[in-house]
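Visitor: okay, predicted coordinates and the sequence, questions at the end:
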Amino acid sequence: MFSGPPADPAAPTPPTGSGTPPTGARRADAPAVAVTADLMPSCGEGRSGYEGEPGREDQGGGSGRSSRLPLTLSLAAALLALLVAVFGPGLAARGTGELRIPGAGLTTLLRTVLFAGLAVHLGELLAPQFIRTVRSRPRTAVRSWSVCAALAGAGAAAGQIVQLAAASGLGITQTYATRNGGLLLIIANGFVAAALCAASKRPALALAPLAVVIGAEAIRAHPEAYSPEIGAALTVVHLTAASLWTGGLLYVLRTMWLWRGSPIAARALLGRYARLAIWLYVALAATGTVSTLRRLPVDVVFTSAYGRTLLVKLALMAVVSVLALAARRRMLRDDDPAVAHRLARREQVVLGAVVVVSAILTVVPDPHWISLRP
């Protein structure tokens, strides 16, 4: 799944002679094996207990079942996210009397992919800065997902353009002339430019087109007549912080799994990420609170699709907060980062659900339409 860089040619080579080969040397008749991130230490040596009890995975016939369990859970979580994205807007609006949004489920799904692609790409630009500061780190790195994430985001934006054209009865080129169509075109082109930068020798250049993507999405999300520039500015900060938190954590968890034989380095990496995550959380809480106060009237908190969806998001964020605090506490208490890693993985899963719910928030109607307040 992952692959690391080639071995350092400057590393010292153990002497060989006619006698017994040195420890770790490969027999001449043994097949050559590529050095990849999928190598597993034998008999639990050098492991940090990321998969239950060390040294117990190969006993009996349970290893096959335990290795298939993460894949099964991942597929189940993806299916659940798909169902929530497709049917969530309709369930949230049931009984509210609000107008039905055509194609709300598909729009939510496409925006979920767009947000996920943005988070993955920004996380891969941020997290390596932490890795470089970790001393005695392994000389391996996770495989980049930036190009695929950017192309997925571009495809999601293009899909929304096609959906908008079909819903409005306009041609594709005519859709570009509309407000939403033009902004979605900018987003799609920004993701394509970011993919090209990620595939080049200077992937950090992708920051510029991704900033354009965030700005265009913030403007698109605020068509309201009441101070849209304030809403767009809040969304820029909120979306950036959320993407860095979610994507950065994903990259850190992938790297910790790759470094599972070096628990000290893995623990140091998680600690560096946790220090930044505190400030990202503060930015999310502040911008989210202000956005809620300006957009959601108090009298429709429970009777509007927006209010109901926001309550679900707040509940999920509370779970994320508890998991993040628990992971930080175990990281400070234990030298072995195995428990903190498991807690952070659960935090990542709940953050994925937050991404889906956030996409629903961008689709449901503006709650001011049904508010009785002047």
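Guide: Right, received. Where do you want to start?

Visitor: you'd agree D336 is in a helix?
Guide: No. If the criterion is DSSP: H, G, I helix; E, B strand; the rest coil, then D336 is coil and not within a helix.

Visitor: shouldn't it be in contact with P263?
Guide: Yes. Taking contacts as C-beta atoms under 8 Å, D336 lies within contact range of P263: 5.4 Å. To be clear about C-beta, it is placed using only N, CA and C from the backbone, and glycine gets the same treatment.

Visitor: list the buried ones in stretch 138-147?
Guide: Neighbour counts over stretch 138-147 (16 or more other C-beta atoms under 10 Å) mark 138, 140-142, 144-147 as buried.

Visitor: just so I have it, where are all the helices in the stretch 201-350 of the chain?
Guide: 207-220, 228-258, 263-295, 305-333, 338-361 (DSSP state H, counting those that start in this stretch).

Visitor: and A85, which of these is closest to it?
Guide: For A85, the closest of the helices of the stretch 201-350 of the chain is helix 338-361, at 5.3 Å, according to C-beta to C-beta.

Visitor: now do the buried residues in the closest one.
Guide: In helix 338-361, the ones that count as buried by 16+ other C-beta under 10 Å are 338-348, 350-361.

Visitor: do stretch 245-256 as well
Guide: Buried residues in stretch 245-256 (16+ other C-beta under 10 Å): 245-256.

Visitor: can I get these in CSV with pLDDT?
Guide: Below are the buried residues of stretch 245-256 laid out as CSV (pLDDT from 0 to 100):
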residue, pLDDT
W245, 94
T246, 94
G247, 95
G248, 94
L249, 93
L250, 94
Y251, 94
V252, 92
L253, 92
R254, 92
T255, 92
M256, 89
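
Visitor: returning to that earlier point: closest to V113 among the buried residues of stretch 138-147?
Guide: Closest approach to V113 among the buried residues of stretch 138-147 (C-beta to C-beta): W145, at 13.4 Å.

Visitor: list the contacts for that closest one?
Guide: 120, 124 (C-beta atoms under 8 Å, 6 or more residues apart in numbering).

Visitor: contacts for stretch 288-301 next, please.
Guide: Stretch 288-301 is touched from outside by 224, 226-227, 230-231, 234-235, 238, 304, 306-307, 310-311, 366-368, 370-373, with contacts defined as C-beta under 8 Å, 6+ apart.

Visitor: cutoff 10 Å now
Guide: Outside stretch 288-301, the residues that touch it by C-beta atoms under 10 Å, 6 or more residues apart in numbering are 96, 98, 222, 224, 226-227, 230-231, 233-235, 237-238, 241-242, 304, 306-308, 310-311, 313-314, 317, 361, 366-373.

Visitor: just the buried ones from those residues?
Guide: For the contacts of stretch 288-301, buried by 16+ other C-beta under 10 Å: 96, 98, 222, 231, 233-235, 237-238, 241-242, 304, 306-308, 310, 313, 317, 361, 366-368, 370.

Visitor: list the buried residues for stretch 278-289?
Guide: Under 16+ other C-beta under 10 Å, the buried positions of stretch 278-289 are 280-281, 283-284, 287-288.

Visitor: that should have said stretch 150-163, apologies.
Guide: Residues 150-161, 163 are the ones in stretch 150-163 that count as buried (16+ other C-beta under 10 Å).

Visitor: same thing with stretch 175-195?
Guide: 175-176, 178, 181, 183-195.

Visitor: from these, which ones fall inside strands?
Guide: Among those, no residue falls in strands (DSSP state E).

Visitor: in helices, which of these appear?
Guide: Within these, residues falling in helices by DSSP state H are 175-176, 181, 183-195.

Visitor: out of those, which is nearest to A324?
Guide: Closest to A324, out of all of these and judged by C-beta to C-beta, is A194, at 27.9 Å.

Visitor: need the contact list for the closest one.
Guide: With contact taken as C-beta under 10 Å, 6+ apart, A194 is in contact with 117-118, 121-122, 125, 146-147, 149-151, 153-154, 203, 205-213.

Visitor: that one and L210, how far apart?
Guide: A194 sits at a distance of 5 Å from L210 (criterion: C-beta to C-beta, to the nearest Å).
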